[in-house]
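[1] could you work out the structure for the sequence below:
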Amino acid sequence: MTQNRLWIPYLLILPTVVFLGLLFVIPLVQTLWLAVSDNGVPSLANMQTMVSDINFGRSILNTFLLTLAVVPVQIAMALAMGTMVSKVNGGRETILWIWTIPLGISDLAAGMVWLSILQNTGYLNTLLFNMGLIERQTAWLTYQTPVALFVGIAIAEIWRGTAIVMIIIVAGLNQVPKEFKEAAEIFGAGPWTQFTRITLPLIRPALQSALILRTVLAFEGFAVVYALGGRNFPVLVGEAYNWQNQNQNYSVAAAYAVLIMIISLAATVFYLKVVKVDPERLP
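    Numbers count the residues shown, from 1 in each chain. Just a heads-up that it's a prediction; the model follows:
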């Protein structure tokens, strides 16, 4: 009877294992093989084609620059927003609901929203023209205005993705014991000292999760970028899409996908090493 019960935990996780195997492990292996094979023979030809692609260097540069510009701003904003919410007594749920509205909008829809704002005949140009700040419509999203295009995409990404970071930060802030803050106030610690010496160390697990999640999502950004910049702002996922959809070359697209996966794994390992979490110090 006891031996039969030993199989119960394995039976309970069996559906999850089968699900992951069918929808994750098998496609992953197929993608890896597609990237490193040519007509069923192991080959690096697809990798070489990817590296020699005219947009390969630009796509890597744009992806990393966008990630470096977006993720720190989102973390800072999420910390500020989470700290403000933690100090609010009434209406906290309403504030959180308003701030998380972008999560209910798809990536492509968010890109179209910002396109309606930043395009030639968009709301921004209309507002600036009516205020007399510009003499004619200005093109913000073309290859001739790379800085404006980058800033527009970065702002759209920050607006779209900060909410998920804030939710993780708020969850971490809710785990900070009030006794720690009260003791710090008794000993005369100011708000900044409390934040840097008590709050930040205690929400390190939440920060680690937020950094990993948002960085990986930034490396995989595509819909907002494609809606605003199209081919004028190549990114890694966009190049994978173009090779699969336009060039009908699934092998090179798989090579891009494998590269994105490697970069995401490297970023995850980096955060796990840098933002270390000591379980013994957690409350």
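
[2] flag every buried residue along the helix ranked longest in the chain.
    Looking across the chain with DSSP state H, the single longest helix is helix 56-86. Using 16 or more other C-beta atoms under 10 Å as the test for burial, helix 56-86 gives 56, 59-60, 62-63, 66-67, 69-71, 74-75, 77-79, 81-82, 85. No exception for glycine: its C-beta is placed from N, CA and C like everyone else's.

[3] whatever helix or strand comes next after it to helix 56-86, inter-axis angle?
    Per DSSP states H and E, the first helix or strand lying C-terminal to helix 56-86 is helix 92-99. Relative orientation of helix 92-99 versus helix 56-86 (axes from the mean of the first three to the mean of the last three C-alpha atoms, to 10 degrees): 160 degrees.

[4] which residues touch helix 92-99?
    Residues from elsewhere that reach helix 92-99, judged by C-beta atoms under 8 Å, 6 or more residues apart in numbering: 81, 85, 88, 163, 166-167, 170.

[5] and of those, the nearest to Q246?
    Nearest to Q246, judged by C-beta to C-beta, of the contacts of helix 92-99 is A163 at 32.6 Å.

[6] for the longest helix of the chain, what is the average pLDDT?
    When pLDDT is averaged over helix 56-86, the result is 91.

[7] just to revisit the earlier point, so which of the contacts of helix 92-99 wins on neighbours?
    Neighbour counts for the contacts of helix 92-99 (other C-beta atoms under 10 Å) peak at M166, which has 24 neighbours.

[8] with adjacent residues omitted, what lies nearest to that one?
    In space, and not counting its chain neighbours, M166 is closest to A78: 4.1 Å by C-beta to C-beta, 6 or more residues apart in numbering.

[9] how about N125?
    Nearest to N125 is Q137, by C-beta to C-beta, 6+ apart, at 4.9 Å.

[10] in what helix or strand does the one you found lie?
    Using DSSP H and E, Q137 maps to neither a helix nor a strand.

[11] do you know how far the residue nearest to M166 is from V170?
    Distance, A78 to V170, by C-beta to C-beta, to the nearest Å: 8 Å.

[12] count of neighbours near A223?
    Per other C-beta under 10 Å, the neighbour tally for A223 reads 18.

[13] my bad, Q137
    14.

[14] what residues are up against it?
    Q137 makes contact with 120-121, 125, 129, according to C-beta under 8 Å, 6+ apart.

[15] again, only using 10 Å
    119-122, 125-126, 128-129 (C-beta atoms under 10 Å, 6 or more residues apart in numbering).

[16] those residues, buried ones only, as a ChimeraX selection?
    A single ChimeraX command suffices to select whichever of these are buried according to 16+ other C-beta under 10 Å:
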select :119,122,125
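
[17] could you dump the contacts of Q137 into JSON lines with secondary structure, pLDDT and distance to A45 added?
    Output for these, formatted as JSON lines (DSSP: H, G, I helix; E, B strand; the rest coil; pLDDT from 0 to 100; distance: C-beta to C-beta, whole Å):
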{"residue": "Q119", "secondary structure": "coil", "pLDDT": "83", "distance to A45": "40"}
{"residue": "N120", "secondary structure": "coil", "pLDDT": "80", "distance to A45": "42"}
{"residue": "T121", "secondary structure": "coil", "pLDDT": "79", "distance to A45": "45"}
{"residue": "G122", "secondary structure": "coil", "pLDDT": "79", "distance to A45": "44"}
{"residue": "N125", "secondary structure": "helix", "pLDDT": "83", "distance to A45": "47"}
{"residue": "T126", "secondary structure": "helix", "pLDDT": "84", "distance to A45": "50"}
{"residue": "L128", "secondary structure": "helix", "pLDDT": "82", "distance to A45": "50"}
{"residue": "F129", "secondary structure": "helix", "pLDDT": "80", "distance to A45": "52"}
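
[18] ok, back up a step: mind picking the two most distant members of the contacts of helix 92-99?
    The distance between the two most remote of the contacts of helix 92-99 (C-beta to C-beta) is 16.8 Å, for V88 and A163.

[19] wait, L66 touches F233, no?
    Yes. Look at L66 against F233 with C-beta atoms under 10 Å: they come within range, at 8.6 Å.

[20] need the residues touching each of the two.
    By the contact definition C-beta under 10 Å, 6+ apart, L66 and F233 are jointly contacted by 150, 153, 225.

[21] among those residues, name the ones in helices.
    Members of the shared contacts of L66 and F233 lying in helices (criterion: DSSP H): 150, 153, 225.

[22] would TSV of the residues you listed with pLDDT be doable?
    Converted to TSV, these look like this (pLDDT from 0 to 100):
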residue	pLDDT
F150	93
I153	92
V225	91
